[in-house]
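>>> Got a predicted model here, sequence first, then my questions.
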Amino acid sequence: MDVRLRVGLTVSSLKIPLDIDRARSVPLTCWTAAIGLALIALAVAWKLAAGPAAIAYVALYALATLPGLPIGFALFGRRHAAGWVAGALTGYALSAFALWLPVQLHAASWPVFVLSWTMVTLLSFVTLRQVGPLVMLPVWSHRDTLALVLVLFAVPILLWKPFTNIGARDDAGSLRYRAYFTADFLWHVALTAELSRFQSPPRNPYLARRPLHYYWSYFVVPAVISKGHLLPSIQSHLAINALCAGIVFVASIFVFAWCAVPRAGPVAAATALALAGASAEGVHAIWDILKRGESLSDLRNLNIDAITSWFLRGLTVDGLPRSLWYTPQHAAACALSLVAVIVASAAPTHRPVAGILAGVALGLAVMMSPFLGGAFSLIYGLAALAAAVRLRPHVFGALSSTVPAAVPVGLALGWCVASGTFEGAGGAVVFGLSRAAAAAPFAVPALALGPLLLVALPALWIGWRFRIEPAIAALVVGWGLFYFVTLTAEPIWIGWRAGQILLVTLPALAGATIARLVDAGWQRLAIGLVATAFAIGVPTTMIDAYNAQDIRNSAVSPGGFRWTVVVPRDTQEALDWIRRSTPVDAVVQMSIEPRGRETWTLIPTFAERRMAAGQPISLLRMAEYEERSELADAMFATTDPAEAARLARALRADYVYLDRVERAEFGDAAIAKFEDSRYFTRAFQSGMAVVYAVR
């Protein structure tokens, strides 16, 4: 008896310290991981801006999130990651609104910017300081924090090489850009430069006489900061902004999945799979190359995340790494929407404030990306209905908490209409079976999302013990858009946005599948399923990440453009002169057709000046672009200086820019006319790059 007692005491005395040590080790590991993530992110930021000012930008980004923290805490509490993520997302968007409000009131100045931002921040803190948490979520543990931080390590890793190679200099002093960054990132530089003029409404950099119809809210914060010349270039501001926004974006995907399946391990695996292993296109491309007996080096010449279009003539789905690299504004809209959908699925009854705050997040998403914000508004409604049905005796009480979200969303929609952010897009949207989606209705999803679907779809049968209704609503809306909506001006665009909806919500279903298998005692099956999915999906991400940073590939793509766009030193010097020496509202015209998809944004991006005519491949096509571009090219093609001057004045161009592109296309006789001092004055020359003032 005494022996057994002594043994029991001994075992008990051993167990207690062991439990305490284990409990203490988890927070310590969390802090270690969090510090490691912060150091890696700051190191990447330092590399992007080549100096300590990068750290200052990260601090300013963090400051920009401040207005939203009371909203996040009111919804989910300050002890829950959802509160911080929601706060950061809404805060950034509210800062954009607060900083642009003085511009809309034609009172833009640094004191007014500070005053406006301070008033919005104080209003948020004062109004919501005693509110919340309104939405009761499962308890968030240190283990959950550790899983989240470990997943977030992927963001700086994925951004590191592609972003540090944006505009890298070669031995000749030329700047080199991977082609796909010219379609989005360099356009965003031009957009940010336009916003930094603080003119309302912003003008179209490619059609100076027209206002800009685009959703530009995401870019207001870097535009205002860049006006202070904190970093060497707008490119540096946007790169670091994308790094910070990317971390919050991936965190929102994790938190959304966790709210459906509150299990750290399964959600971490599901989120990592969506981020790094969702597509089977890489495996398909490797198999196709080997089957034809060709070299795997040919993978460098593939748009690997668009194999479904290249091989099957169907729609494409851009993976989440491309959301980080190319489309942070759409990623921000998705992240804000996920916050709102969490509220729709978990809001208590008779708490309309929860719906109002969810509507703020959803309305800000509409301002960031109207199409995605609108699609997620539908998902929000379906999730709210599902939650009301689940609380069957309290249906109207549940709806009273979620329906008020329509008010902020309606206000945001009105702001978009008043700002003209999607003018002309309505007529380009067609409903009905998409011809591109119907070209390969099953093969495209299998390739573009196959590994993720392999893990996610079983949850439709075995995952109902978890709160997966919002993810199912997103599945319905996402596939509905994919198959039955077409944007006639750019049919492939719908695949990108519908795919984005699926990629940010499918981790909830994948997490449910993994958790259910583990709960049923089938851990080996769960591990095997996830490992198989990663094995199929990771090659796509690896190939895409390598190609995104590859600025040594000078081959011509099947689309007719070079994989690497080069900006020579003399061109840089001429563009620098334009930026430094011409009025900020000057219109500078280059040729259009000869530049194609390579240097189409040269003047708006590098000289930060508007053009009278252009072909912006990132904006909806309009007949006016074609008409004005023909006039611009006619100005270069004619050998008559008087006619060239007449066309320049018809375009309302103040300066004409040309370099080796125009010389090769139009010939010496056409270029010589600009030397006629009766009509043009040579304002600057460096090598083959010349700037002429129109007299």
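Alright, I've got the coordinates.
>>> Please count neighbours and contacts with C-alpha atoms only from this point.
Noted.
>>> Look up how far residue 557 lies from the closest residue to residue 307 other than its chain neighbours.
Closest residue in space to residue 307, ignoring its immediate chain neighbours: residue 281 at 6.1 Å, by C-alpha to C-alpha, 6 or more residues apart in numbering. According to C-alpha to C-alpha, to the nearest Å, residue 281 and residue 557 sit 18 Å apart.
>>> hang on, the earlier thing: you'd agree the residue nearest to residue 307 is up against residue 447?
Yes. Judged on C-alpha atoms under 8 Å, residue 281 makes contact with residue 447 at a distance of 5.4 Å.
>>> Need the residues touching each of those two.
Here residue 281 and residue 447 have residue 308 as joint contacts, going by C-alpha atoms under 8 Å, 6 or more residues apart in numbering.
>>> So which of the two has more stuff around it?
residue 281 (28 against 24; other C-alpha atoms under 10 Å).
>>> helix/strand/coil for residue 230?
Counting by DSSP: H, G, I helix; E, B strand; the rest coil, the backbone at residue 230 sits in coil.
>>> Number of residues surrounding it?
16.
>>> let's number from 57 now, not from 1
With the count now opening at 57, the last piece we talked about shows up as residue 286.
>>> what's the closest non-adjacent residue to it?
Per C-alpha to C-alpha, 6+ apart, closest to residue 286 is residue 109, 6.5 Å.
>>> cool, and residue 205?
The nearest residue in space to residue 205 (C-alpha to C-alpha, 6+ apart) is residue 90, at 6.1 Å.
>>> low-confidence ranges in the stretch 207-356 of the chain?
Judged by pLDDT under 70, the stretch 207-356 of the chain has no weakly predicted residues.
>>> list the contacts for the closest residue to residue 217 other than its chain neighbours?
Excluding the flanking residues, the one nearest residue 217 by C-alpha to C-alpha, 6+ apart is residue 605, at 5.7 Å. By C-alpha under 8 Å, 6+ apart, the contact list for residue 605 reads 217-219, 221-222, 234.
>>> Over to residue 477?
Contacts of residue 477 (C-alpha under 8 Å, 6+ apart): 268-272.
>>> In stretch 84-94, which residues are buried?
Applying a neighbour-count criterion of 16 or more other C-alpha atoms under 10 Å, one finds 86-87, 89-90, 93 buried in stretch 84-94.
>>> pull the CA atoms of it into PDB?
Output of stretch 84-94 as PDB, limited to C-alpha atoms (Å, rounded to 0.1, in the frame of the first residue of the first chain):
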ATOM      1  CA  LEU A  84       8.300  29.900 -26.400                       C
ATOM      2  CA  THR A  85       8.300  28.100 -29.700                       C
ATOM      3  CA  CYS A  86       5.600  30.500 -30.900                       C
ATOM      4  CA  TRP A  87       7.700  33.500 -30.000                       C
ATOM      5  CA  THR A  88      10.700  32.000 -31.600                       C
ATOM      6  CA  ALA A  89       8.900  31.300 -34.800                       C
ATOM      7  CA  ALA A  90       7.200  34.700 -34.900                       C
ATOM      8  CA  ILE A  91      10.500  36.400 -34.400                       C
ATOM      9  CA  GLY A  92      12.000  34.300 -37.200                       C
ATOM     10  CA  LEU A  93       9.200  35.200 -39.500                       C
ATOM     11  CA  ALA A  94       9.600  38.900 -38.700                       C
END
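>>> Please work out the average pLDDT along it.
Average pLDDT, stretch 84-94: 89.
>>> can you list the residues that contact it?
With C-alpha under 8 Å, 6+ apart, stretch 84-94 has contacts from 198-199, 201-202, 205-206, 208-209.
>>> Distance to residue 544 and secondary structure for the residues you listed - can I get that in TSV?
Compiled in TSV, the contacts of stretch 84-94 are given as follows (distance: C-alpha to C-alpha, whole Å; DSSP: H, G, I helix; E, B strand; the rest coil):
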residue	distance to residue 544	secondary structure
198	48	helix
199	47	helix
201	44	helix
202	45	helix
205	41	helix
206	41	helix
208	37	helix
209	39	coil
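>>> Rebuild those as TSV, extending it with neighbour count.
Shown next, in TSV, are the contacts of stretch 84-94 (neighbours: other C-alpha atoms under 10 Å):
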residue	neighbour count
198	17
199	16
201	20
202	23
205	22
206	17
208	24
209	18
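>>> Just flag the most distant two among these.
198 and 209 (16.9 Å; C-alpha to C-alpha).
>>> circling back to that earlier point, closest one to residue 248 out of the contacts of residue 605, please.
Of those, the one sitting nearest to residue 248 (C-alpha to C-alpha) turns out to be residue 222, at 16.7 Å.
>>> What separation is there between that closest one and residue 607?
8 Å.
>>> Determine the residues that are contacts of both of these two.
Common contact partners of residue 222 and residue 607 (C-alpha under 8 Å, 6+ apart): 232-234.
>>> Among the residues you listed, name the ones in strands.
In strands, judged by DSSP state E, the following of the shared contacts of residue 222 and residue 607 are found: 232-234.
>>> Could you double-check that residue 519 lies in contact with residue 566?
No. Using C-alpha under 8 Å, residue 519 makes no contact with residue 566, being 9.1 Å away.
>>> can you give me the helices in the stretch 257-406 of the chain?
276-283, 290-316, 320-332, 337-347, 363-368, 376-381, 384-402 (DSSP state H, counting those that start in this stretch).
>>> elements contacting the fourth one?
Right, the one you point to is helix 337-347. helix 363-368, helix 499-512, helix 579-605 (3 or more C-alpha pairs under 8 Å, 6 or more residues apart in numbering; DSSP states H and E).
>>> now the strands for this protein?
In the chain, the strands defined using DSSP E lie at 224-225, 231-234, 259-260, 263-267, 485-487, 541-543, 620-623, 644-645, 711-714, 736-742, 745-750.
>>> and the ones you listed, which is most packed in?
Of all the strands of the chain, strand 644-645 carries the top mean neighbour count, a mean of 30, counting by mean count of other C-alpha atoms under 10 Å.
>>> What separation do you get for the residue nearest the centre of the chain and residue 126?
By C-alpha atoms, centre = their mean, the chain has its centre lying nearest to residue 384, at 1.8 Å. Distance of residue 384 to residue 126, given as C-alpha to C-alpha: 24 Å.
>>> Need the per-residue pLDDT for the nearest residue to residue 121 once chain neighbours are set aside.
In space, and not counting its chain neighbours, residue 121 is closest to residue 147: 3.9 Å by C-alpha to C-alpha, 6+ apart. For residue 147, the pLDDT comes out at 98.
>>> doesn't residue 117 make contact with residue 147?
No. Judged on C-alpha under 8 Å, residue 147 makes no contact with residue 117 at a distance of 10.0 Å.
>>> the more surrounded of these two?
Taking neighbours as other C-alpha under 10 Å, residue 147 and residue 117 compare with residue 147 leading, 28 against 22.
>>> so what's residue 306 up against?
Here residue 306 is in contact with 208, 211 (criterion: C-alpha under 8 Å, 6+ apart).
>>> make it 6 Å
With contact set as C-alpha atoms under 6 Å, 6 or more residues apart in numbering, residue 306 has no partners.
>>> hmm, back to that, please identify which of residue 519 and residue 566 sits among more neighbours.
Ranked by neighbour count (other C-alpha under 10 Å), residue 519 and residue 566 place residue 566 first, with 31 against 23.
>>> And the nearest residue to that one once chain neighbours are set aside, how close does it get to residue 582?
Using C-alpha to C-alpha, 6+ apart and skipping residues adjacent in sequence, the residue nearest residue 566 is residue 512, 3.7 Å away. Between residue 512 and residue 582 the computed distance is 12 Å (C-alpha to C-alpha).
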